[in-house]
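Trainee: quick one: sequence and predicted model below, then my questions.
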Amino acid sequence: MARRSPARLLAPLALVGFVIALIVVINGSATGGGSSSTSGSRPAATTTSSSRKQKGAHKQRRRYTVKPGDTPSGIAEKTGVPLSKILELNPNLDDQSLTVGDKLKLR
């Protein structure tokens, strides 16, 4: 009887191991990316410095250029500026007439 190669057994095991690792990475990035409740996955200094950068970027931005698919509520979420403030600063803003390239006041 012919002896089977060890690769015939190891190849499926390697595939299963890869799939498990891929699932762990995908689940880790989905839950750890936006949540600050993950303990031990990232150092606190990294989380703090990245949140400072994001807040600083939102505070410095005075205008927003409309991109394809943008809505006023989506712009408010992206920029961190309340929708009511955007509507107050841009009285002629209409959900239906947003044009790509339009510049909206944020401050």
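Mentor: Sure thing, it's come through.

Trainee: would you list every one of the strands in the chain?
Mentor: 63-65, 103-105 (DSSP state E).

Trainee: give the buried residues for the last one.
Mentor: With burial defined by 16 or more other Cβ atoms under 10 Å, the residues of strand 103-105 counted as buried are residue 104. In short, each C-beta sits where N, CA and C put it, glycine included.

Trainee: also stretch 72-87?
Mentor: Buried residues in stretch 72-87, defined by neighbour count with 16+ other Cβ under 10 Å: 72, 75, 76, 79, 81, 86.

Trainee: touching, the first one and residue 82? I think so.
Mentor: To tie it back to what came earlier, the one meant is residue 72. No - counting by Cβ atoms under 8 Å, residue 72 sits too far from residue 82 to count as a contact (10.9 Å).

Trainee: output the lowest mean pLDDT helix or strand found in this structure.
Mentor: Every helix and strand in the chain was compared by mean pLDDT, DSSP states H and E; the lowest is helix 44-60, with a mean of 50.

Trainee: returning to that earlier point: can I get the strands of the chain in CSV with mean pLDDT?
Mentor: Listed next are those as CSV, based on pLDDT from 0 to 100:
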stretch, mean pLDDT
strand 63-65, 92
strand 103-105, 91
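
Trainee: leaving out the residues flanking it, which one is nearest to residue 104?
Mentor: Counting by Cβ to Cβ, 6 or more residues apart in numbering, residue 104 lies nearest to residue 64, which is 4.8 Å off, once chain neighbours are set aside.

Trainee: one more: residue 66?
Mentor: Nearest residue to residue 66, sequence neighbours excluded (Cβ to Cβ, 6+ apart): residue 102, at 4.3 Å.

Trainee: go through the buried residues of stretch 72-87 and flag which are in helices.
Mentor: Among these, the members found in helices (DSSP state H) are 72, 75, 76, 79, 86.

Trainee: in JSON lines: those, plus distance to residue 14 and pLDDT.
Mentor: Listed next are these as JSON lines, based on distance: Cβ to Cβ, whole Å; pLDDT from 0 to 100:
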{"residue": "72", "distance to residue 14": "50", "pLDDT": "90"}
{"residue": "75", "distance to residue 14": "46", "pLDDT": "92"}
{"residue": "76", "distance to residue 14": "47", "pLDDT": "91"}
{"residue": "79", "distance to residue 14": "46", "pLDDT": "91"}
{"residue": "86", "distance to residue 14": "52", "pLDDT": "91"}
